[in-house]
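# A predicted structure for the sequence below; I have some questions about it.
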Amino acid sequence: MAEEAGIIMEKVSYKVGGRKILEAFDLQLQPGVNRTILGVSGAGKTTILKLLLGLIPPDAGNISIDGVPLEGSEAALRAARSHIAIVFQGGALFDSMTVGENVGYRLFEAGKLSEKEIETVVREKLGFVGLESALDLYPAELSGGMKKRVAIARALAADPTYIFFDEPTTGLDPMGVYNIQDLMLRLQREGKTTLMVTHDLATAFAVSQRFSFLHEARLVFEGTEEEMLATDDPAIREFLQPTEASLFAGRG
C-alpha cells in the first residue's frame, strides 16, 4: 500500500453470523476534508468506526492510517489510535469520575504530563466547549448536550489529528444540535479532520464537504452534497425524500 496521508479502507469486508455488514468497502479520509457516512439505521456505519479504531478486524481488505497498516501487535494498534479520538453516541463518560477527571483520563493514563499540566489542558478544552464551570460536576449532573460537549473536550485533550463522531446529535434538542454543529465547524477551522456517521442530514450538510452512502453493505455513492442531491440512485433518493412506499421499510 502506498505511503499516503489520511485514513484509507481498501476493499474491506466484514460479516457477523453470516450476515454481510460491509462488502468490498472503500473509504478515503484525507486530512482537512471532512466526511460524513450516511445510511439507514443498522446499515453498518458504526461498524466502520470500530474497524478504523482496530476494535474489530476486517474479514478481508486493508486499513491504513497515514500510510501505516492497522494491523499487528497491540503496541502498533495503540500507536495508530494515538492519532484518533472518538465521540461516542452516548458520550461514554465514566460516571464515577468528575468532568475534569473524564477529560484528563487519557492524559493521566499516558503518564507524560504532570498533574498541573493536565489540569491546564483540561481547563483549556472545557473552555473550548463552554463548560469550564462544570469541572467538578459528575456526568449525572449534566444534560445530554453537556455530556456530548464534555466528550468532545475529552477527545481534544490528546490533540488528535482525526476525530470520529458517532451519531453526535441523537437525542438532542435544536439548541443542542446547533452547539454540536458549531463545535465541529470550529474544530475543522483549527485543523482537525472529522469523520461522522449519522442519519441526520441537516447536521451532515452543515459540517461536511464529502459524503459516502452505505446501502446493503456496499458503498453506493461518494461525492459532494450537490452530487448526492442530484443522483438518481433509488436508495439515496428514498433516504433523502421518503415516500409512503418507505413506511416500515427501514431497519430502525
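Good, I have the coordinates.
# am I right that T169 sits in a strand?
No. Counting by DSSP: H, G, I helix; E, B strand; the rest coil, T169 is not part of a strand but coil.
# correct me, but it touches N179?
No. With contacts counted by C-beta atoms under 8 Å, T169 stays clear of N179, the gap being 9.5 Å. From N, CA and C alone the C-beta is placed, and that goes for glycine too.
# more crowded one of these two?
T169 (26 against 20; other C-beta atoms under 10 Å).
# for stretch 120-137, which positions count as buried?
121-123, 125-126, 128-129, 131-132, 134 (16 or more other C-beta atoms under 10 Å).
# those in helices, which ones?
121-123, 125-126, 128 (DSSP state H).
# spit out the contact partners of F165.
Neighbour list for F165: 86-87, 184, 194-198 [criterion: C-beta atoms under 8 Å, 6 or more residues apart in numbering].
# rebuild those as a markdown table, extending it with neighbour count.
Putting those into a markdown table (neighbours: other C-beta atoms under 10 Å) gives the following:
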| residue | neighbour count |
| --- | --- |
| I86 | 22 |
| V87 | 27 |
| M184 | 24 |
| T194 | 21 |
| L195 | 25 |
| M196 | 26 |
| V197 | 25 |
| T198 | 22 |
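# which of those residues fall in strands?
86-87, 194-198 (DSSP state E).
# looking at those, which is nearest S143?
S143 lies nearest to V87 out of these, by C-beta to C-beta, at 15.9 Å.
# which residues does that closest one bridge with?
Using DSSP bridges, the beta-bridge partners of V87 come out as F165.
# against A151, how distant is it?
5 Å (C-beta to C-beta, to the nearest Å).
# give me the common contacts of these two.
Common neighbours of V87 and A151 (C-beta under 8 Å, 6+ apart) do not exist.
# okay, buried residues for stretch 149-160 please.
Buried, per 16+ other C-beta under 10 Å, within stretch 149-160: 149-158, 160.
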